[in-house]
Every structure is written in structure tokens, then in C-alpha cells.
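# coords below, sequence missing:
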């Protein structure tokens, strides 16, 4: 099985499991479907980045991991403390909302990484295909 299909299958199985479990626990179909979709997309994007762009994975030093740590820390804080036991909602709904916040954070981080990678690749492709002489001749006065 090729890697992209395997990654898609893994993401679908995990997202489907989360979606089905949340629906079984809480009974809210829309919450379960959106949460499952967030997890499927976030996992697929993350696996895609890890496979195609291994050089862009976070390094081992604090300078490399600071933005990842900030993102993960704030999303986790939102999921655990933002959806706190102080809110007048059921435990099942609180769990579903926590998974939704974590899944949305995963998608946001992975999509942001892909946006930067696309821009970096686009910039490197433009600099290799065009030279300063061709840019000056196409500018026109």
C-alpha cells in the first residue's frame, strides 16, 4: 500500500473512531462529525508534512520548539481549562468540546505549516526559474 493511501486510511480510522465515540457518548451528531473531520484533516496534514517535508520538522533546541510549544500549550489550555467543569454543561458535552478544540488546534497548526511550506517552495521555484536579467526585461516601463 502506498504511503499516501496508508496515511489517509490511518487518519480516517482515527477520526472516524473519535467521531463515532463522541456520538455514542454525547448524542450530538454535529459535534461528533465536525470533531471527526477536524481530526481526520489534522492527522492527514501532519502525516503529509512528516512524509514530504522531513527537514521542516521541529528540531531539538528550545529555539526550534518554542512556537510548537506555544501552540500546543495554548490549545491544550483552551481544551482543558477553557471548557472547564465550572461551565453548566454535561461531562459528555465537555469531553466533546475538548476534543473539538484539540482537533481544531491540530488542523490550524498543520495548515499554517503547509501554508508556510507552500510559500517557501513557491519562492524557491521563482528564484531558480527567473534570473535578474529576465525580471528586468519583463518589468516594462
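Perfect, I can see it now. Being a predicted model, the structure only gives us computed values, none of them experimental.

# need the longest helix for the protein.
helix 91-129 (DSSP state H).

# Can you spell out which helices and strands pack onto that one?
Judged by 3 or more Cβ pairs under 8 Å, 6 or more residues apart in numbering; DSSP states H and E, the packing partners of helix 91-129 are helix 3-26, helix 29-52, helix 62-77. C-beta coordinates here come from the backbone N, C-alpha and C atoms, glycine included.

# Now do the contacts for residue 80.
By Cβ atoms under 8 Å, 6 or more residues apart in numbering, residue 80 lies in contact with residue 98.

# In terms of pLDDT, where does it sit?
Per-residue confidence at residue 80 stands at 84 (pLDDT).

# now do the one 10 residues further on
We note a pLDDT of 88 for residue 90 in this prediction.

# thinking again about what came up before, in the longest helix of the chain, which of the residues would be classed as buried?
Buried residues in helix 91-129, counted by 16 or more other Cβ atoms under 10 Å: 93-107, 109-110, 113-114.

# before we move on, what about stretch 67-75?
Quick answer for stretch 67-75 (16+ other Cβ under 10 Å): residue 75.

# circling back to that earlier point, of the helices and strands packed on helix 91-129, give the one that comes closest to residue 84.
helix 62-77 (10.5 Å; Cβ to Cβ).

# and the closest one, what's its mean pLDDT?
Here the average pLDDT along helix 62-77 is 81.

# what angle sits between it and helix 91-129?
Angle of helix 62-77 versus helix 91-129, following axes from the mean of the first three to the mean of the last three Cα atoms, to 10 degrees, is 150 degrees.
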